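Q: Next come a sequence and a model predicted from it.
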Amino acid sequence: MSRVLDRRQVLRGATLAGSGLALSAYMPAWAQPVSAGIAKPLPTVSGDDITLKIAHQMMMIDGRQSHAIGINGTVPAPLIRLREGQNVRLHVVNDLDEETSIHWHGLLVPFQMDGVPGIAFPGIPARSTFTYEFPIIQSGTYWYHSHSGLQEQEGHYGPILIDPKDPDPVQFDREHVIVLSDHSFQHPHYLFDRLKKESGYFNRQRQTLSGLLAGKDQPLKERLMWGKMRMDPADVADVTASTYTYLVNGYGPKDNWTALFRPGERVRLRFINASSMTTFNVRIPGLPMTIVAADGLNVRPVQIDEFQFGPAETYDAIVTPPDMRAYTLVGESVDRSGMARATLAPREGMAAEVPPLRKRPLATMKDMGMGGHDMSTMDHGSMQGMGSAATGAQAGSMAGMDHGGMDHGAGAGSMQGMDHSQMNHGAAGAAAGAMAGMTAPQGQSGAMPGMDHGSGAMPGMTDRQPMAGMDMGSMNMRDFSKAPGVKKGPGVQTISAMPVDRTGEPGQGLENVGHRVLTYRDLVALDRNPDTRAPEREIKLHLTGNMERYMWGFDGEKLSESPDPITLLHGERVRVTLINDTMMGHPIHIHGHFFDLVTGKGAYAPRKHTVLVQPGGTVSWDVTGEEGDWAFHCHMLYHMHAGMMRVVQVRKAGEAAA
Ligand SMILES: [Cu+2]
């Protein structure tokens, strides 16, 4: 159904108690309009001299007033529109009673202009002005935001658009900047304190007893296993719609911000994920999108129906709406607790059906770093090493373990049909080769008929020493031998036993949505990479965390522990491999550089400034050192705040820091 409500109907609707009533028939309560649609473009600033004044203000979201930190009186901050080749001076007036800063996300600037207090410059003290000045040497879609405290969460972010000096290889008739963000009516320090005290505080999607009885979600035995690990598979996002309202260009779902088009036009949508904590799944039901740029840089056009992006990533898409109807733009949060919603329409006041939230995803064993797992390599040793039960973690001790219904994520040969809870894994039996103690599921004769051995996934289980083929080591969820560089401590709850490259996957929860979803492997740079040398060395970094204690870091260390900076030489070509040892996706960002994703695209590797490393996944990229001190961090604001950040120090040869 795509009922259309035009302006005349809205006016008529006023006598019918307003358009909200008319729309309510097909909109979920949270998407019911407080306005018929707001087709207001973002306030824009441009030129060589730009003044940005940062101050407290109020903003209206879905008819409700909220406090915010804005720039020049708006949230998002004004669109800064520049031209490649120009020089820009940005006078930043801090009207707050606290220090602030602006970081130009994705812009290649001298490091003193990069805007990270304590790394690149001292910050902008309360009631003072700082002037940034730098040449614009690139083009595309970028953004800017505070790098001080948690100000970004309060509204201190805005889009940057740089027009190319040469003709744009992307042809379009019209463009719209789409800034997605997450807004809370509560103060961000309150949110962070809640997370510190109880990490699952905002997760209202936990599995419930009534859900269990109704046969929803995980079966009991699977729940018991996750519970034993002291983990929650519904823990897909830290902060959810229970406190967030998801915004498009500063407007809530009920405001219904509207992007106008004429049918048949090529419309360029510049998507910016300016949220603090939210990975979005973006789609426009009924309208395919052709991705033409990623993180500001052109890519070969690729047509998709949906894409996932983490905080700080950007994508440009071309859409060509063919007819006089409205389309809903959906930005569903990765945990499916809520959505940002806007409309594409030929006229203000038109709206289309808002699809319901899809079923929330649950984390899988693959998300726990057990990727490509099958029983032949599985280590049953110390599941008990997880969480608090670290005592009896003897290799081979299967006692009491419940494998039931684990999603081993391997596809073919997965153990899904197998009921391990019925197996007798008793310590003695396991050694003595006895799967013999296993009982078949009720009502079935013969051993393990329900098992799908697939393509030899369980070789060890068919011979006389069934468990022998299994590696009893790899199930240890905290096996530091897998991560020699990681500091042992409470900041590391898990280490991915078998992390896998997930860049060919569509992103958490989008595996089976029934249409085309962008993957990193779909991206091919339009221009040849500027540096195609092979890397001289590799730096491996583990993304580590303890969800229970809300500790986040690299290699088990948080920034406040003053870990050594990551050092590179200017011009040095280095491969960086990120290994996600946590169950959450982390958008990892390096300042001052673009890196070339290693996805088999040769000299046309997609170049990005931020990459979402999926739970239990790995990502490799090659980068060429650019002189300066640069921030390197997770772009989940509270993860960074908790310490998931490092300094990358790049020096010219001979000047390397002592
Ligand atoms: Cu993170």
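A: Thanks, I have the structure now. Numbers count the residues shown, from 1 in each chain.
Q: Next, find the distance separating Phe202 from the ion.
A: Per Cβ to the ion, to the nearest Å, Phe202 is found 15 Å from the ion. From N, CA and C alone the C-beta is placed, and that goes for glycine too.
Q: no no, Arg651
A: 28 Å.
Q: Thought Ile50 was touching Val93, still the case?
A: No: judged on Cβ atoms under 8 Å, Val93 makes no contact with Ile50 at a distance of 11.2 Å.
Q: And the closest residue in space to Arg360 that isn't next to it in sequence, what's its pLDDT?
A: Excluding its sequence neighbours, the residue lying closest to Arg360 (Cβ to Cβ, 6 or more residues apart in numbering) is Arg336, at 4.1 Å. The per-residue pLDDT reported for Arg336 equals 93.
Q: And for Pro563?
A: Pro563 is given a pLDDT of 89.
Q: got a list of what the closest residue to it other than its chain neighbours touches?
A: In space, and not counting its chain neighbours, Pro563 is closest to Glu557: 4.3 Å by Cβ to Cβ, 6+ apart. Neighbour list for Glu557: Lys487, Gly491, Pro563, Gly643 [criterion: Cβ atoms under 8 Å, 6 or more residues apart in numbering].
Q: any idea which of those residues is the one closest to the ion?
A: Distance to the ion across these (Cβ to the ion) is lowest for Gly643, with 10.3 Å.
Q: That closest one is in contact with Tyr550, isn't it?
A: No: if you go by Cβ under 8 Å, Gly643 and Tyr550 don't touch, sitting 10.1 Å apart.
Q: who touches stretch 120-131?
A: Contact partners of stretch 120-131, identified using Cβ under 8 Å, 6+ apart, comprise 89-101, 111-115, 117, 148, 591, 628-631.
Q: Residues of the stretch 451-600 of the chain that sit close to the ion?
A: Those residues of the stretch 451-600 of the chain that sit near the ion, judged by Cβ under 5 Å from the ion, are His586.
Q: Could I get the buried residue list for stretch 337-357?
A: 337-346, 348-354, 357 (16 or more other Cβ atoms under 10 Å).
Q: Test my guess that Lys487 contacts Met551.
A: No: using Cβ under 8 Å, Lys487 makes no contact with Met551, being 11.7 Å away.
Q: Settle it for me: which of these two has more neighbours?
A: Using other Cβ atoms under 10 Å as the criterion, Lys487 and Met551 rank with Met551 on top: 23 against 17.
Q: which residue sits closest to the residue of the stretch 451-600 of the chain found nearest the ion, ignoring its sequence neighbours?
A: The nearest approach of the stretch 451-600 of the chain to the ion comes at His586, 3.5 Å away (Cβ to the ion). Spatial nearest neighbour of His586, chain neighbours left out: Cys634 (4.6 Å); criterion: Cβ to Cβ, 6+ apart.
Q: show me the residues around the one you found that make contact.
A: Contacts of Cys634 by Cβ under 8 Å, 6+ apart are Leu543, Trp552, His586, Pro587, Ile588, His589, Met640, Met644, Met645.
Q: Domains in the chain, by residue range?
A: Using automatic domain parsing, the domains assigned to the chain come out as 371-439+448-474, 480-651.
Q: Of those, which shows the lowest average pLDDT?
A: domain 371-439+448-474 (a mean of 34).
Q: Leu344 reaches Tyr327, doesn't it?
A: Yes: applying Cβ under 8 Å as the test, Leu344 and Tyr327 come out as touching, 4.4 Å apart.
Q: Now list whatever residues contact both of those two.
A: Ile284, Leu287, Pro321.
Q: Now flag whichever of those is closest to Ile495.
A: Among the shared contacts of Leu344 and Tyr327, Ile284 lies closest to Ile495 (Cβ to Cβ), at 39.4 Å.
Q: And Leu287, how far from the ion?
A: With Cβ to the ion as the criterion, Leu287 and the ion are 31 Å apart.
Q: Kindly tell me how buried that residue is, as a neighbour count.
A: For Leu287, the neighbour count with other Cβ under 10 Å is 18.
Q: Would you confirm that Ile136 contacts Arg83?
A: Yes: between Ile136 and Arg83 there is a contact at 6.9 Å, judged by Cβ under 8 Å.
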